[in-house]
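Asks: build me a model:
(one chain, ligands or ions: 1)
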Amino acid sequence: MMEIRVGILGLGTVGLGVARMLIEQQSLMAKRLGKKLVLVAAADRNLERDFGLDLSGVRLTDDAHDVVTADDVDLVVELIGGYEPARSLVTTAMQHGKHVVTANKALIAKHGEELLPLAAANHVALAFEAAVAGGIPCLKSLREGVAANNIESIYGILNGTCNFILSKMEDEGADYADVLKEAQALGYAEADPTFDVEGIDTAHKLSILASMAYGSHIKFDEVFTEGISKISAADIEAVAELGYRIKLLGIAKPHRGKDGDKVEMRVHPTLVPLSSQIAQVADSYNAVMISGDFVEHTVSIGRGAGERPTASAVMADIMDIARVTPGGLQFMAPAMGYMPDERQDLATLDMSDVQSEYYLRLQVQDESGVIAAVTSILADHRISLEAMQQKERNTEQTVPVIMLTYRTTEGNLQAAISRIVALSAVEDDVLILRKESFAT
Ligand code: HSE
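Replies: Numbers count the residues shown, from 1 in each chain. This next block holds a predicted model:
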């Protein structure tokens with residue numbers, strides 16, 4: 001049976017999962033593939049530890065360069081993460097004629113536009129299913145399953161750490177910092193967890209999904225990004241009373257305007273109706289909702305992080321490449337879902353033009369006329385209120401006031417808020433959350 005020889009860079013959580021699958025699932029995969037996948041080499045900075053896995057037949061090295069240049073490696077799996085040295089190692093591997101599979105969303109989001117042509121020039125595959133939503137085969141769905149549709153929207157819970165934190169804060173009234181530590185211990189969080197909680201990891205993933213959906217270049221730097229670190233237990237409770245739950249969502253939509261086609265891309269904590277499917281996705285689970293003009297709504301739910309689910313997605317890419325190796329790369333769907341020459345430089349919709357409904361939390365002096373002054377400014381901006389609640393005093397003189405607005409543009413809302421915080425009776429730390437409705 002033909003063998004495809006695999007080398008792994010990084011024996012961390014996911015790297016060990018991939019090694020385990022290559023060893024333990026070898027015969028199952030061979031039956032499905034007609035080829036044998038063999039782990040021949042692995043690189044890690046720290047080889048003096050118990051891997052909890054028999055790697056006796058595998059050449060172990062602390063120099064990743066040995067793996068990316070080795071004559072006996074056909075396919076390199078990059079699981080180091082981050083921008084460098086991952087970028088240099090992937091580049092060298094492809095220049096040495098090796099296919100590359102990576103789970104590194106930061107790498108693809110930031111350097112994909114440089115690495116994809118390099119893969120083509122070197123006649124190798126670059127695959128990254130595990131980079132987005134861990135174990136959910138969402139890139140394959142988008143690239144192949146709904147390939148004949150115009151994509152109307154993508155909504156994703158794309159960060160397991162944030163979903164885990166928000167779920168636990170709601171269910172157990174747990175403290176944000178404690179839950180973050182638990183997510184780190186479970187291997188969900190990034191090396192720098194600010195990437196998780198500040199929405200950067202979700203923005204990496206969303207930029208890849210949006211690019212694949214709309215045939216545009218990957219524009220991670222243009223994704224509007226807000227994280228969950230300013231969400232308090234009081235907000236979680238207040239939105240529940242109103243019939244909502246807070247989820248960190250990545251949202252992508254196409255826009256046709258007088259000044260050409262644009263792509264809307266935003267990441268922020270979002271109020272979702274308690275009755276919606278996406279509100280039920282808890283713990284470290286991710287969800288990707290893709291809506292197309294013919295397929296209507298599809299929702300995929302699965303583990304978005306952790307050793308085994310992420311390894312599962314890495315292995316699916318390895319099997320796809322192995323199936324067409326050698327010499328059949330042209331039979332794979334294009335890596336970004338569009339033929340390379342058809343990909344365009346679409347503009348990103350300015351956040352001020354994005355339309356949404358809003359949740360506002362204001363802290364105001366508990367005195368007459370304050371609410372009238374606030375609502376009069378909202379009326380000036382033609383912002384209509386769906387609901388309003390004044391809570392009990394939580395300081396000597398001030399009270400929290402919560403408002404839900406109907407749809408308006410972000411630019412209009414921000415203009416109204418800057419006038420509202422200029423009122424002497426309103427403190428300047430207004431919390432603005434966006435709200436979405438769902439068909440399912
Ligand atoms: N830190 C990421 C998460 C890991 O929490 O979802 C998977 O990309």
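
Asks: please make it C-alpha for all contacts and neighbour counts, starting now.
Replies: Noted.

Asks: can you list contacts of stretch 351-370?
Replies: When contacts are defined by CA atoms under 8 Å, 6 or more residues apart in numbering, stretch 351-370 is touched by residues 224, 264, 271, 393, 397-412, 425-427, 429-436.

Asks: repeat that with 6 Å
Replies: Here stretch 351-370 makes contact (CA atoms under 6 Å, 6 or more residues apart in numbering) with 397-411, 425-427, 430-435.

Asks: next one: the lowest-mean-pLDDT helix or strand in the chain to chain centre, how far?
Replies: Ranking every helix and strand in the chain by mean pLDDT, DSSP states H and E puts helix 176-185 at the bottom, with a mean of 87. Helix 176-185 sits 19 Å away from the centroid of its parent chain (CA atoms, centre = their mean, to the nearest Å).

Asks: then stretch 208-218?
Replies: Offset of stretch 208-218 from its chain centre (CA atoms, centre = their mean): 13 Å.

Asks: same question, stretch 210-227
Replies: 11 Å.

Asks: may I have it as PDB, with CA atoms only?
Replies: In PDB, the C-alpha atoms belonging to stretch 210-227 read as follows (Å, rounded to 0.1, in the frame of the first residue of the first chain):
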ATOM      1  CA  ALA A 210     -15.600  35.700   4.900                       C
ATOM      2  CA  SER A 211     -12.900  35.500   2.400                       C
ATOM      3  CA  MET A 212     -14.000  32.000   1.400                       C
ATOM      4  CA  ALA A 213     -17.600  33.000   1.300                       C
ATOM      5  CA  TYR A 214     -17.200  36.100  -0.900                       C
ATOM      6  CA  GLY A 215     -14.100  35.400  -2.900                       C
ATOM      7  CA  SER A 216     -12.400  38.400  -1.400                       C
ATOM      8  CA  HIS A 217      -8.800  38.700  -0.100                       C
ATOM      9  CA  ILE A 218      -8.300  37.800   3.600                       C
ATOM     10  CA  LYS A 219      -8.600  41.100   5.500                       C
ATOM     11  CA  PHE A 220      -8.100  40.300   9.200                       C
ATOM     12  CA  ASP A 221      -6.900  43.800  10.000                       C
ATOM     13  CA  GLU A 222     -10.200  45.200   8.800                       C
ATOM     14  CA  VAL A 223     -12.500  43.100  11.000                       C
ATOM     15  CA  PHE A 224     -14.300  45.300  13.600                       C
ATOM     16  CA  THR A 225     -13.300  43.500  16.900                       C
ATOM     17  CA  GLU A 226     -14.600  43.700  20.400                       C
ATOM     18  CA  GLY A 227     -14.100  41.000  23.100                       C
END
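
Asks: what are the buried residues along that stretch?
Replies: Under the neighbour-count criterion of 16 or more other CA atoms under 10 Å, stretch 210-227 has 210-220, 222-227 buried.

Asks: show me which residues of the chain are close to the ligand?
Replies: The chain comes close to the ligand at residues Gly134, Asn159, Gly160, Thr161, Tyr188, Ala189, Glu190, Asp196, Gly304, Ala305, as judged by CA under 6 Å from any ligand atom.

Asks: of those residues, which pair is most distant in space?
Replies: Greatest spatial distance among the residues of the chain next to the ligand (CA to CA): Gly134 and Asp196, at 13.9 Å.

Asks: residue with max distance from the center of this protein?
Replies: The centre of the chain is farthest from one residue, Ser368, which by CA atoms, centre = their mean lies 45.0 Å away.

Asks: confirm that residue sits in a helix?
Replies: No: applying DSSP: H, G, I helix; E, B strand; the rest coil, one finds Ser368 to be coil, outside a helix.

Asks: for it, give me the pLDDT.
Replies: At Ser368, the pLDDT value in this model is 92.

Asks: where's it relative to Val374, distance?
Replies: Distance check for Ser368 against Val374: by CA to CA, to the nearest Å, it reads 12 Å.

Asks: swap in Val267?
Replies: From Val267 over to Val374 (counting by CA to CA), the distance is 28 Å.

Asks: more neighbours: which of the two?
Replies: Of the pair Val267 and Val374, Val267 is the one with more neighbours under other CA atoms under 10 Å, namely 27 against 20.

Asks: give me phi/psi at that one?
Replies: phi -130, psi 120 (degrees, to the nearest 10).

Asks: what sits against it?
Replies: By CA under 6 Å, 6+ apart, the neighbours of Val267 are Phe224, Thr225, Glu226, Leu249, Gly250.

Asks: test my guess that Val421 contacts Asp428.
Replies: Yes: contact criterion CA atoms under 6 Å: Val421 and Asp428 qualify, at 5.1 Å.

Asks: ends of stretch 26-41, what's the gap?
Replies: Span of stretch 26-41 from end to end, CA to CA: 16 Å.

Asks: so for that stretch, mean pLDDT?
Replies: pLDDT averaged over stretch 26-41 gives 97.

Asks: show me what that stretch is in contact with.
Replies: Met1, Met2, Glu3, Ile4, Arg5, Val6, Gly7, Val58, Arg59, Leu60.
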